[in-house]
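Peer 1: A predicted structure for the sequence below; I have some questions about it.
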Amino acid sequence: MIHRRQESSSVSTSSTARRLPVLAAALSLAAAGLAAAQPAEARTPHCPQLTISAGWYGDNQARLQELIDTYGTCGAGAGHGKKPVAVFDWDNTVVKNDVGDATMYWLLRHSKIQRPVRGDWHTTSRYLTYDAAASLATACPAGRSTTLPTATDTRCADEILAVYGEGRTGKGAPAFAGYDRRTIEPSYAWLAQLLHGWTPAQVRAFASAARTQNLNAPADAVQTVGSNTKATAWVRYYDQQRDLIRTLKKAGFDVWITSASPEPVVDAWARGAGVDPDHAVGIRSTTEHGRLTSHLKGCGAAKDGDDSMITYIDGKRCWINQEIFGVRGAAAEKVQPAARRQVFAAGDSDTDVSFLRDATGLRLVLNRNKNELMCRAYDDSDGRWIVNPMFIEPKGQKVAPYPCATTGYTEHDGTPAPVRRADGSVVPNQRDSVYGG
């Protein structure tokens, strides 16, 4: 059952007073060239309509429909020459579970990870610690085969899983160090880097095979990877998000996906949600002679091969600004004027915070109990955040308040800090109030 939202005593104003309607948001942006919405009774009655009501919390569906009516081709803002942009995170936002994880498990079970160049694991990530590189070299010794025999060599598979899934060696030592916590997550990037030696088409084929396996598996299916790791073996598209994407596109929105999974992997999944692969932005690798390398393409001030700016927290802002809005150089890392930002954004994790904050109309959050994201969503300082339980297996209520005023934010160096609003004021602790159970 879905629990109704309750008022939080930690917030000085009521939720109702803070949640400005989308029409008010449109009016506040009129100076940026966006037209004010027409009154509801004056709108064209032929706006595309959302068709799935099940799973939406409270008035969320109505507010999404209001956004569509306001900014779509049937709204008052139509005919101004630019499509409104909508951007969705992918894993656990459009689908339940993680397609990057699904691909990694498939690679390990089918021995499709190529050996590191010259046997040096540091070539797969500049952020690997010496402990991690040494542990990987010991667990995955040199051999004649081009690929690592992880389907049968469970010791090697176990060590790769520990580094990828836990960010630690099999013995518990930190696996990565020396990175900016708001522009890259090295374990996410490592999956893309371990695809070195394959062509993008080959990686899409691997991801497609994993997709077929995970869609055909029963919900709650598990698989054994390595010696004894029990890993999730199923993925499902959210029908509600497919419906929302379809309706947004019908209404004239330019719909994009941004993901911290490798881009060829996301490409293999995107069409199933109605998004063309050329509208998916994932982790992008550099290529040599048509094959992926262990280095990553750059964004903003980060050059190709710097391996420092992926589609992760502030990096998602950069890649959206660069690839969707055409902002080049260091400016892509900055918040853009309202007319050059997405109208709508959807996400589920702290990795999505920056591009969600940039959305000018409405921001949909699926509640996975992530501290910074939920602090900002529940604080709802400008009335444009809406929270929904996950559509499949929603999280129960987080018992303790979110530590917004103390440790909810992660600095670039990893230091915990208070979550702050745009004006610098600290967000008070927030109580979890939109959840399943």
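Peer 2: The structure has been received and is ready for your questions. Numbers count the residues shown, from 1 in each chain.
Peer 1: spatially nearest residue to Trp385, not counting backbone neighbours?
Peer 2: With CB to CB, 6 or more residues apart in numbering as the criterion, Trp385 has its nearest non-adjacent residue at 4.5 Å, and that residue is Ala377. In short, each C-beta sits where N, CA and C put it, glycine included.
Peer 1: quick one: pLDDT of the one you found?
Peer 2: Predicted confidence (pLDDT) at Ala377: the value is 98.
Peer 1: my read: it touches Val387, true?
Peer 2: Yes. With contact defined as CB atoms under 8 Å, Ala377 counts as touching Val387 (5.1 Å).
Peer 1: these two: who's more crowded?
Peer 2: Ala377 (25 against 22; other CB atoms under 10 Å).
Peer 1: which helix or strand contains the more buried one?
Peer 2: helix 371-379 (DSSP states H and E).
Peer 1: that helix packs against which elements?
Peer 2: Helix 371-379 is packed against helix 353-358, strand 362-367, strand 385-389, with contacts defined by 3 or more CB pairs under 8 Å, 6 or more residues apart in numbering; DSSP states H and E.
Peer 1: can you give the strand pairings for the last one, parallel or anti for each?
Peer 2: Strand pairing for strand 385-389, using DSSP bridges, gives strand 362-367 (parallel).
Peer 1: would you mind pulling the contact partners of the strand it pairs with?
Peer 2: Strand 362-367 has contacts (CB atoms under 8 Å, 6 or more residues apart in numbering) with 22, 25, 60, 63-64, 67, 92-93, 343-348, 356-357, 373-374, 377, 384-391, 394-395, 432, 434-435.
Peer 1: OK, contacts around the residue nearest to Trp385?
Peer 2: Going by CB under 8 Å, 6+ apart, Ala377 touches 363, 365, 385-387.
Peer 1: hmm, back to that, between the helices and strands packed on helix 371-379, which gets nearest to Arg236?
Peer 2: For Arg236, the closest of the helices and strands packed on helix 371-379 is strand 362-367, at 13.6 Å, according to CB to CB.
Peer 1: just how off-centre is the closest one within its chain?
Peer 2: Offset of strand 362-367 from its chain centre (CA atoms, centre = their mean, to the nearest Å): 12 Å.
Peer 1: quick one: it to helix 371-379, angle?
Peer 2: Strand 362-367 runs at 120 degrees relative to helix 371-379, counting by axes from the mean of the first three to the mean of the last three CA atoms, to 10 degrees.
Peer 1: please save the CA atoms from strand 362-367 in PDB.
Peer 2: Provided in PDB are the C-alpha atoms of strand 362-367 (Å, rounded to 0.1, in the frame of the first residue of the first chain):
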ATOM      1  CA  LEU A 362       8.800  20.000 -12.800                       C
ATOM      2  CA  ARG A 363      11.200  17.500 -11.200                       C
ATOM      3  CA  LEU A 364      10.000  13.900 -10.600                       C
ATOM      4  CA  VAL A 365      11.800  11.900  -7.900                       C
ATOM      5  CA  LEU A 366      11.400   8.200  -7.300                       C
ATOM      6  CA  ASN A 367      12.100   7.600  -3.700                       C
END
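Peer 1: that'll do, ta.
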